[in-house]
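Got a predicted model here, sequence first, then my questions.
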Amino acid sequence: MAIVLFVVLPTPWNAIALLAFLIFGAGEVSYWWRKVRHRRIETGAETLIGARAKVVSACRPEGQVSLDGALWNARCEDGADAGEPVVVRAREGLLLIVDPVV
């Protein structure tokens, strides 16, 4: 966008527009850098523990749940029917151990 304005605008204004875009861009980068630099990175299977999921196929004791748009195989010792919310208690490989939400 700044390059288009640099080509389209007359001589003194194109440099002013380019300078304004550079200052705005530097300000935006600075803002986001300060906002996110102290956050911990949340990745891996550990982030699944405590997450809420929805049962897709009945877990009696094994079935499937939907968590953040992904289907997971799950085991629920107490049993849960399709459509019920569950919370992830643990993980064994690719199998989630879930409990019904009370």
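Yep, it's here. On a predicted model such as this, the values are computed, not experimentally measured, just so you know.

ok, and the closest non-adjacent residue to the residue most central in space within the chain?
For the chain, Asp68 is the residue whose C-alpha lies nearest the centre (CA atoms, centre = their mean; 8.5 Å). Leaving aside its sequence neighbours, Asp68 sits nearest to Ala51 (CB to CB, 6 or more residues apart in numbering; 7.5 Å). Backbone N, C-alpha and C define where each C-beta goes, glycine included.

Touching, the one you found and Val86? I think so.
No: between Ala51 and Val86 there is no contact under CB atoms under 8 Å: 9.7 Å.

Tell me which of those two has more neighbours.
Val86 (24 against 14; other CB atoms under 10 Å).

Show me what counts as buried in the helix or strand containing that one.
Taking DSSP states H and E as the criterion, Val86 maps to strand 85-92. Of the residues in strand 85-92, Val86, Val88, Arg91 count as buried by neighbour count, 16 or more other CB atoms under 10 Å.

if we can go back for a sec, show me the contacts for the residue nearest to Asp68.
Taking CB atoms under 8 Å, 6 or more residues apart in numbering, we find Ala51 in contact with Leu67, Asp68, Val87, Val88.
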